[in-house]
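Undergrad: any chance you can model this:
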Amino acid sequence: MTVKETAADSIFANSYRGLRIFFAVLWVGLMVYSFGFAPPDHPETLTLIQRLATGDWQGINPLIVSLFNLMGVWPLIYTVFLVVDGQGQRFPAWPFAAFSFAVGAFALLPYFILRQPAPSFTGELNKGVRLWESRITALGICLLAVGFLGYGWIAGDWIDFWQQWRTSRFIHVMTLDFCLLSLLLPVLLVDDWQRRGVEQSQWRWWSLVPLVGVLGYLLLRPPLILSKKSVA
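TA: Next up is the predicted model:
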């Protein structure tokens, strides 16, 4: 690493310290709002979750079905990035990725608070990394996401969804979680651009479009730039 690169990394690391404070405040605020100010929970919420999880969707607004399933797709997207980003951290990324399948941004915000910027890949290109780097994995994630997006958009009842968002804590917080996952991802994207040498490419900005943009990025992004010790 050159002196110029070291200086640039140092500046980026210093600017990230301010973001950590923001993420910490956001995490606390999310928990306080979700359990103290969001609409009240409904007695039938547990039954609704069980039906959504088991595929018993008859009579459930397709928008809610779509949102629930997309909240399972988002952790897959984050795992694609965390498998690589975590190689540059002093702690394992997999617990945060694993818990995000259950609680979304509630589990990922602590990772953002603790992580260091990792604009280069210095880890090992092992089988796990290769699996999540695979175009086949990216295609599978994209098909899932597009399928549920289309289902919700075409068949969903927006008026009913709005009413449930205003009155149900589960729907309200799940929607908020979806929005946060969309807004947090660019923090990982910026480092991923640099790890692949596309930080100067104009097309990279399309990857910032919520959900749709990152799906395209996963399909089109070039391979990691590897150091000698990164090759398995």
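Undergrad: can we go C-alpha only for contacts and neighbour counts from here?
TA: Fine.
Undergrad: need the three-state assignment for the residue nearest to the spatial centre of the chain.
TA: Using CA atoms, centre = their mean, the residue of the chain that lies closest to the mean C-alpha position is Tyr78, 3.9 Å off. Classification of Tyr78 using DSSP: H, G, I helix; E, B strand; the rest coil returns helix.
Undergrad: the bottom helix or strand of this structure by mean pLDDT?
TA: When each helix and strand of the chain is scored by mean pLDDT, DSSP states H and E, helix 3-36 comes last, with a mean of 77.
Undergrad: picking that back up, quick check: the residue nearest to the centre of the chain touching Phe96?
TA: No: Tyr78 is not in contact with Phe96 according to CA atoms under 8 Å; the separation is 9.8 Å.
Undergrad: what about the protein, any weak spots by pLDDT?
TA: Along the chain, the parts satisfying pLDDT under 70 run over 1-14, 227-232.
Undergrad: now do the helices in it.
TA: Assigned by DSSP state H, the chain shows helices spanning 3-36, 45-54, 62-85, 94-103, 105-114, 127-133, 135-155, 158-167, 169-196, 212-220.
Undergrad: among those, which comes closest to Leu226?
TA: For the helices of the chain, proximity to Leu226 was assessed by CA to CA; helix 169-196 is nearest, at 8.4 Å.
Undergrad: against which helices or strands is the closest one packed?
TA: With contacts taken as 3 or more CA pairs under 8 Å, 6 or more residues apart in numbering; DSSP states H and E, helix 169-196 sits against helix 62-85, helix 105-114, helix 158-167.
Undergrad: show residues contacting the longest one.
TA: So that's helix 62-85. For helix 62-85, the external contacting residues (CA atoms under 8 Å, 6 or more residues apart in numbering) are 52, 57, 93-94, 97-98, 100-101, 104, 118, 121, 123, 128-129, 132-133, 141, 144-145, 148-149, 151-153, 155-158, 161, 171, 174-175, 178, 181, 185, 188-189, 192.
Undergrad: just the buried ones among those residues, please.
TA: Among the contacts of helix 62-85, those scoring as buried are 52, 93, 97-98, 100-101, 104, 118, 121, 123, 129, 132-133, 141, 145, 148-149, 152, 156, 161, 171, 174-175, 178, 181, 185, 188-189, 192 (criterion: 16 or more other CA atoms under 10 Å).
Undergrad: got the phi/psi numbers for Gln200?
TA: Note on Gln200: its backbone torsions stand at phi -110, psi 0 [degrees, to the nearest 10].
Undergrad: look up how far Val190 lies from it.
TA: To Val190, Gln200 is 11 Å away according to CA to CA, to the nearest Å.
Undergrad: those two: which has the busier surroundings?
TA: Val190 (17 against 10; other CA atoms under 10 Å).
Undergrad: contacting residues for that one?
TA: Neighbours of Val190 in contact, by CA under 8 Å, 6+ apart: Pro119, Glu199.
Undergrad: mind doing that once more with 6 Å?
TA: Val190 makes contact with no residue under the criterion CA atoms under 6 Å, 6 or more residues apart in numbering.
Undergrad: kindly report the same for Trp94.
TA: Residues near Trp94 by CA under 6 Å, 6+ apart: none.
Undergrad: tally of neighbours for Gly216?
TA: Gly216: 16 neighbours (other CA under 10 Å).
Undergrad: quick one: residues contacting Phe23.
TA: Ile113.
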